[in-house]
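Q: Kindly generate the corresponding structure for this input.
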Amino acid sequence: MKKIHCIGVLLVDALSGPLEKFPERGVGNCARTDSVVFSPGGGAANTCSALGQMGVETSVFSSVGKDHNGRFIIDHLRQKGADTSNVIVSEEHPTAFVYITVHGDGECSFFVTDGSNKKLCLGDFDLDRLLDCDILLYQDLGAMPCLDPDGHTLLAEARKREVVTIVDENNIRDSGLLESFMPHVDYFLPGLDAIEKLMPEKSPTQIVSELRSMGASTVVLKMGPAGCLVSSLEGEFSVPTMATAVVDTTGAGDCFDAGFIAALANGKTLEECVQIGSAAAAAVLANVGGASGIPAFEKLVDQV
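A: Prediction:
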């Protein structure tokens, strides 16, 4: 099995729902939901947890605070089979936290406390250890303000060492940051909602073409219910969604990444990687939480 490393965001999600509407201001006003679920979140946590559930071990490079939430995340990832020995425990900043309200249609609203993620820097890690892998996932591009400006240099060095580079974004808002990364990316796996904010006048086909013109070798544009649009040197094709039930959209893109990476590590074709990624996304969409209900890799393969 190929060696997979992931660098990105770790946080705790508190998911509450279903929420029909936000309450008016005032002590006497409230909105009631049926439940609150606490789970590890952030792209790195979701993807690595999903990979662990598939039976694929991954090493996580990230940061948490020296607090209950930080211990909760590390314990969870270890239980799923992820290596957390490279997770930094900050004494200065708390673990990042997100309160998520899940609406009746499965869509979500987010309230974010950045915590230790905002101070995570490339210099925090030993470069040789970070790049001692076959596949490097740079998760959450746009959500790590200290790390992102130097992230393209990490990917450039990874490619020099013949490490496969994979990038996903986290509501990226900086087109210059995107342009600095793309020449060093083997597989870019963005969500349409975020990218179309940077390219509002472009269609999905134009978006993947633009991203490839920036230098990305392969682009897999995740379009929710519309499935995925894929562009590579071999051409362009679409893969429909496999979702049959949508309970909670949290982490669907991250779990897609996990299925894609697991398939890539197992020597699958590009189309098979996208299909297995779609099957993993469908599994998490049917559950509450950022990486819940992910089956073993073999079961995902059987679904495509």
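
Q: buried stuff in whichever helix in the chain runs longest?
A: The single longest helix within the chain, with elements called by DSSP state H, is helix 270-285. By 16 or more other CB atoms under 10 Å, the buried positions in helix 270-285 come out as 270, 272-285. In this view, the C-beta of every residue, glycine as well, is placed from N, C-alpha and C.

Q: What of stretch 259-271?
A: Buried-residue list, stretch 259-271, by 16+ other CB under 10 Å: 259, 260, 261, 262, 263, 264, 265, 266, 268, 270.

Q: cool, and stretch 132-141?
A: 133, 135, 136, 137, 138, 139, 140, 141.

Q: what's the helix or strand for the fourth one?
A: Okay, so that is residue 137. strand 135-141 (DSSP states H and E).

Q: That strand pairs with which strands, parallel or anti?
A: With DSSP bridges as the test, strand 135-141 is paired with strand 4-7 (parallel), strand 164-169 (parallel).

Q: which among the buried residues of stretch 259-271 gets closest to residue 214?
A: Lowest distance from residue 214 to these (CB to CB) belongs to residue 270, with 19.3 Å.

Q: Return the residues in contact with the closest one.
A: 218, 230, 232, 234 (CB atoms under 8 Å, 6 or more residues apart in numbering).

Q: redo that, cut-off 10 Å
A: 187, 218, 220, 230, 232, 234, 237, 260, 263, 264 (CB atoms under 10 Å, 6 or more residues apart in numbering).

Q: cool, residue 204 as well?
A: 192, 195, 196, 221, 223, 226, 228, 229, 231, 238.

Q: For stretch 74-94, the averaged confidence score.
A: For stretch 74-94, mean pLDDT rounds to 95.

Q: Quick check: end-to-end length of that stretch?
A: End-to-end span of stretch 74-94 (CA to CA, to the nearest Å): 14 Å.

Q: If you count neighbours, what's buried in it?
A: 74, 76-77, 80-84, 86-88, 90, 93-94.

Q: Centre of the chain to that stretch, how far?
A: Centroid displacement of stretch 74-94 relative to its chain, using CA atoms, centre = their mean, to the nearest Å, is 17 Å.

Q: And stretch 52-63, by the same measure?
A: For stretch 52-63, the distance to the chain centre is 12 Å (CA atoms, centre = their mean).

Q: could I have that stretch exported to PDB, CA atoms only?
A: Provided in PDB are the C-alpha atoms of stretch 52-63 (Å, rounded to 0.1, in the frame of the first residue of the first chain):
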ATOM      1  CA  GLY A  52      -9.200   4.800   8.200                       C
ATOM      2  CA  GLN A  53     -12.700   3.500   7.900                       C
ATOM      3  CA  MET A  54     -11.800   2.200   4.500                       C
ATOM      4  CA  GLY A  55      -8.800   0.400   5.900                       C
ATOM      5  CA  VAL A  56      -6.300   2.900   4.500                       C
ATOM      6  CA  GLU A  57      -3.800   4.300   7.000                       C
ATOM      7  CA  THR A  58      -2.800   8.000   6.700                       C
ATOM      8  CA  SER A  59      -0.400  10.300   8.600                       C
ATOM      9  CA  VAL A  60      -1.900  13.600   9.700                       C
ATOM     10  CA  PHE A  61       0.100  16.800   9.800                       C
ATOM     11  CA  SER A  62      -1.900  19.600  11.600                       C
ATOM     12  CA  SER A  63      -2.400  21.400  14.900                       C
END
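
Q: what comes up buried for it?
A: Quick answer for stretch 52-63 (16+ other CB under 10 Å): 52, 53, 54, 56, 58, 59, 60, 61, 62, 63.

Q: Which elements pack onto the very next helix or strand once past the strand holding residue 137?
A: Remark: after strand 135-141, the chain's next helix or strand is helix 148-160, criterion DSSP H and E. With contacts taken as 3 or more CB pairs under 10 Å, 6 or more residues apart in numbering; DSSP states H and E, helix 148-160 sits against strand 4-7, helix 127-130, strand 135-141, strand 164-169, helix 175-181.

Q: before we move on, the earlier item: just the contacts of residue 204: which are in strands?
A: Taking DSSP state E, the ones among the contacts of residue 204 that sit in strands are 221, 228, 229, 231, 238.

Q: Give the bridge partners for the first one, please.
A: The reference is to residue 221. residue 229.

Q: circling back: closest to residue 2 among the buried residues of stretch 259-271?
A: Closest to residue 2, out of all of the buried residues of stretch 259-271 and judged by CB to CB, is residue 265, at 4.2 Å.

Q: List the residues that contact the closest one.
A: Going by CB under 10 Å, 6+ apart, the list of residues near residue 265 reads 1, 2, 3, 4, 51, 56, 58, 134, 135, 164, 273, 297.
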